[in-house]
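Engineer: quick one: sequence and predicted model below, then my questions.
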Amino acid sequence: MAFVVADIITAILIRAIGQLLQVADIKSLKSLGATTHLNVSENFPSGEIAALFYLWNPLTIITCLGYSTSPFENLVIVLSVYGACMRLMFLNLIATRLVPLATFGWVIASHLSLYPVILVIHYVLMETSFSFLFVTLPEAALVFLQAWRAAGTPNVKVAAVGTGIATIFHEVKPSSEKFIEVSFTPSKATGKVLASKPPNQGNERCTVQYHASAKVGHDIEEGLSRHGFHITRLNTYTLEPIQHVDQTILQQALSASAVAVASPSTVGAWVDLLPEPHTWEGSVACFGETTASVARKLGLTNVYHPSTPGLHGRVDTIFDALRVHHHLSNV
């Protein structure tokens, strides 16, 4: 019985979400002057159709009969989405009281299953206003774009480390009103320079949303905090070393003149694979200054990195590592 009740409540919430989105659609059409489309939007029962589709979906019926916990997972996820939609639609006291509803639903959903964790990005984007989004790695930029589209493509001002990351945002096709503005790039494409020479906001209070890997340190946050920035960090992804490497491929890598590494975590994974790191004589071509610093701390000696970050600098670094290695081998 409890499974049936959970599915019915979920369907009711889906219907309510559909009605909220319908109201938002009508407001958008009126603001754009597209009155000829109002009748279609007003008369199309999207919420009812979605609710009926959920209730009579064979998968819904099967999971209910099989006593799966999926109905409860669906309920708290939809409850969380409902609370977030209410907060966006109505900025009054009633809606404000529903903000904990979105948070409560998300917390319970993330306890029942891992996948709803990604929803935290959407909710932070919808609930909080930030002066800047700081992005220092391409992976963080790609994850953010997924959440940005899911949150309704709000206007965002970005500080990107390097032209490569800025290009990812520039390639996003802007709509007529909502877009991503890359308004700041540091003089040198490193997180260290961004933290030491951030955007100048004068005397205004500047709030920053910083997207990073779970493995990235806190140097950037500490540097920005010293300049008066208020930081909200979101660990939107992580990197994990593979558990098994084919021995044939590993032997080929160990015998290579040089290896190219793109991040500090990659250096750490490579050192873990070396039988004797301090006696390995290969060269390491690092794609950034921070990666090179970590490589030296881990005991690697022949370490190289580009003076100017970018694709051409990385290619030159690989050639430099190969050239020096061959020179030392012939001495």
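Structural biologist: Noted; the coordinates are in hand.

Engineer: contacts, neighbours, all on C-alpha from now
Structural biologist: OK.

Engineer: can you give me the strands in the stretch 151-300 of the chain?
Structural biologist: All strands of the stretch 151-300 of the chain, identified by DSSP state E, counting those that start in this stretch, fall at 156-160, 180-184, 206-213, 229-237, 258-261, 283-286.

Engineer: nearest spatial neighbour of residue 179, skipping sequence neighbours?
Structural biologist: Counting by C-alpha to C-alpha, 6 or more residues apart in numbering, the nearest residue to residue 179 once its immediate chain neighbours are dropped is residue 155, at 5.1 Å.

Engineer: what's the spacing between the one you found and residue 163?
Structural biologist: 20 Å (C-alpha to C-alpha, to the nearest Å).

Engineer: which one of these two has more residues nearby?
Structural biologist: residue 163 (16 against 13; other C-alpha atoms under 10 Å).

Engineer: my read is that residue 193 contacts residue 186, right?
Structural biologist: Yes - shown here, residue 193 and residue 186 form a contact pair, counting by C-alpha atoms under 8 Å, at 6.5 Å.

Engineer: the two: which is more packed in?
Structural biologist: Neighbours per residue (other C-alpha under 10 Å) separate residue 193 from residue 186, with residue 186 holding more: 20 against 16.

Engineer: for that one, give me its contacts.
Structural biologist: 160, 161, 162, 193, 194, 197, 198 (C-alpha atoms under 8 Å, 6 or more residues apart in numbering).

Engineer: test for you: state the pLDDT assigned to the second one.
Structural biologist: Per-residue pLDDT puts residue 161 at 82.

Engineer: for the residue nearest to residue 179, grab phi and psi.
Structural biologist: phi -70, psi 130 (degrees, to the nearest 10).

Engineer: what distance do you get for it to residue 142?
Structural biologist: 17 Å.

Engineer: quick revisit: distance to residue 15 added to the strands of the stretch 151-300 of the chain, as CSV?
Structural biologist: Listed next are the strands of the stretch 151-300 of the chain as CSV, based on distance: least, C-alpha to C-alpha, whole Å:
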stretch, distance to residue 15
strand 156-160, 30
strand 180-184, 32
strand 206-213, 33
strand 229-237, 31
strand 258-261, 50
strand 283-286, 53
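
Engineer: just tell me which of the ones you listed ends up closest to residue 115.
Structural biologist: Closest to residue 115 of the strands of the stretch 151-300 of the chain is strand 229-237 (C-alpha to C-alpha; 12.4 Å).

Engineer: which helices and strands sit right next to that closest one?
Structural biologist: Counting contacts by 3 or more C-alpha pairs under 8 Å, 6 or more residues apart in numbering; DSSP states H and E, strand 229-237 is packed against helix 138-150, strand 206-213, helix 219-226.

Engineer: can you put these in JSON lines and add distance to residue 294?
Structural biologist: Formatted as JSON lines, the helices and strands packed on strand 229-237 follow (distance: least, C-alpha to C-alpha, whole Å):
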{"stretch": "helix 138-150", "distance to residue 294": "20"}
{"stretch": "strand 206-213", "distance to residue 294": "16"}
{"stretch": "helix 219-226", "distance to residue 294": "14"}
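
Engineer: test my guess that residue 11 contacts residue 51.
Structural biologist: Yes - counting by C-alpha under 8 Å, residue 11 sits close enough to residue 51 to count as a contact (4.6 Å).
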